[in-house]
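A.B. asks: Sequence first, then the predicted structure:
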Amino acid sequence: MPVGRTPAIRRLHPQPSVASVTDSLTIRDNRTGAEYEVPIVDGTIKAADLGKIKTSDDEPGLSTYDPGFVNTASCKSAITFIDGDKGILEYRGYPIEQLAEESTFLEVAYLLVYGELPTKEQYEAWVHEITYHTFVHENVKAFMQGFRYDAHPMGMVMASVGALSTFYPDARNIEDADNRHMQIVRMIAKMPTLGAWSFRHAQGKPYVYPDNELSYTENFLSMLFKMSEQKFNADPRLVKALDVLFILHADHEQNCSTNAVRSVGSSQVDPYSAVAAGVGALYGPLHGGANEAVLRMLKRIGSVENIPAFIEGVKNGNERLMGFGHRVYKNFDPRAKIIKKACDDVFEVTGVNPLLAIAKELEKIALEDEYFIKRKLYPNVDFYSGLIYEALQFPPEMFTVLFAIGRAPGWLAQWQELITDKEQKIARPKQVYTGDRTLKFVPREERWA
Ligand SMILES: CC(C)(COP(=O)(O)OP(=O)(O)OC[C@H]1O[C@@H](n2cnc3c(N)ncnc32)[C@H](O)[C@@H]1OP(=O)(O)O)[C@@H](O)C(=O)NCCC(=O)NCCS
């Protein structure tokens, strides 16, 4: 075998015998000739079972090598279901299309965190609690004002979410269900305040305090855009569109930032610190930053006439069509369809973004092109969301902050599930060590002589 090449797994018996079908895996270790039967549960084998496969008792057992966890389940979860081939996304069993159409972001947040749709009393109490926790301690404001004038809003949000742990030391009591509820309410309530203030900071405008008479999303828009008027009145169509965008981003099972929340949370730290880790993960361009890249791409294309040449460049491998393709969705991204509709609603109010014509034509051409069809490349959630955000007058740096506000209930639901799951342990992956061993330290005088 050539050096550095990993041998691929081979299926040795192409025709399974019906008589031998059981929910287990037989492994023959060709190093020793030993055979093992490993149970298969929910389509998985336990990695710890592989640890029992050894060449000798004093050797470490077999483990799997899986950078990026592409084929490793880290938890059992009852929160979000995705079927990438069929384009299905469900929160607690409810299809995303129905939730986007008929629910509200706070109702979806309740559903994610508590597993069921709220009764009238539960919903009203939940909305009331969240509304009355939107204010932050004045020192949080002072803390945020200490950032440089050009601080990236995501950096500000990440730091201020982490800082909340110092204001609520009781949050460390993670075993207590009532206490967890309190912190979850606080976190969901304060995210728009922190997000809006990070935006105002960049603009050199005074921070706007929450208005408890407004809905969650109306209040967010008020904290973003209110100036000297007594009350900020947002167009209900814009409020609905932003609420839908929050719903679409509320959870997406074990993505990078959720994995970060779970990983940090597994140390039993308070939820603010765990969520701050999630915000950090989302900050990265491979996770939260794609819609910004779509916008840049559309601006660069500039006009519909330039699309064919651009598509040729993509097909020649010069660059990627941003906002197309997804690691999980290989048929269509159900969120993209809903966003396209929200786009029309927003542009009815704001006037059409000229980039929309380019986006629509690009999508039309790409969906008919053999290159994209063969590779199962379809518009993803980011293809149209950047256009909406721009129409709502958000600068590109704010796009990821909006994502973080929407994702907060998902992070918290996943964190709560982790804390209450008796099978979970502190996250501590293995490594394959490739460095030197037992070298002899050479004193500086000798090395530098
Ligand atoms: C999302 C993404 C990272 C998923 O990647 P993935 O599942 O690992 O898919 P791969 O990178 O293996 O791509 C498979 C094939 O499709 C091509 N491809 C994937 N996405 C493409 C895109 N957006 N434009 C053009 N070609 C693309 C790859 O070049 C590859 O072609 P090949 O088989 O000829 O080499 C990828 O589709 C991408 O980079 N999209 C653009 C960025 C984006 O919109 N990200 C937001 C995701 S929500």
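C.D. replies: Yep, it's here.
A.B. asks: number of nearby residues for the closest residue to the ligand within the stretch 1-150 of the chain?
C.D. replies: When scored by C-beta to the nearest ligand atom, the stretch 1-150 of the chain has Val70 as its residue closest to the ligand, at 8.9 Å. The way it works is simple: take the backbone N, C-alpha and C, and place the C-beta from them, glycine included. Val70 sits with 7 neighbouring residues when counted by other C-beta atoms under 10 Å.
A.B. asks: repeat for Ile365
C.D. replies: Count around Ile365 with other C-beta under 10 Å applied: 16.
A.B. asks: related to what we said a few turns ago, per-residue pLDDT, the residue of the stretch 1-150 of the chain closest to the ligand?
C.D. replies: Predicted confidence (pLDDT) for Val70: 90.
A.B. asks: what's near enough to touch it?
C.D. replies: By C-beta atoms under 8 Å, 6 or more residues apart in numbering, the contact list for Val70 is empty.
A.B. asks: Roughly how far does it sit from Leu89?
C.D. replies: Distance, Val70 to Leu89, using C-beta to C-beta, to the nearest Å: 19 Å.
A.B. asks: Next: Gly325.
C.D. replies: Note on Gly325: its distance to Leu89, by C-beta to C-beta, is 16 Å.
A.B. asks: Between these two, which has more neighbouring residues?
C.D. replies: Between Gly325 and Leu89, counting by other C-beta under 10 Å, Leu89 is the more crowded of the two (26 against 17).
A.B. asks: Distance of the residue of the chain found nearest the ligand relative to Lys86?
C.D. replies: Nearest residue of the chain to the ligand: Gly325, at 2.2 Å (C-beta to the nearest ligand atom). Per C-beta to C-beta, Gly325 is found 17 Å from Lys86.
A.B. asks: What of Ile130?
C.D. replies: On the measure of C-beta to C-beta, Ile130 and Lys86 end up 34 Å apart.
A.B. asks: Compare these two (neighbour count), which wins?
C.D. replies: Ile130 (21 against 12).
A.B. asks: Mind telling me what element that one is part of?
C.D. replies: helix 120-131 (DSSP states H and E).
A.B. asks: what does the helix or strand following that helix rub up against?
C.D. replies: Following helix 120-131 in sequence order, the next helix or strand is helix 138-145 (DSSP H and E). Applying C-beta under 8 Å, 6+ apart, the contact partners of helix 138-145 are Met156, Ala159, Ser160, Ala163, Leu164, Phe167, Leu194, Trp197, Ser198, His201, Tyr207.
A.B. asks: how about 7 Å then?
C.D. replies: For helix 138-145, contacts defined as C-beta atoms under 7 Å, 6 or more residues apart in numbering pick out Met156, Ser160, Ala163, Phe167, Trp197, Ser198, His201, Tyr207.
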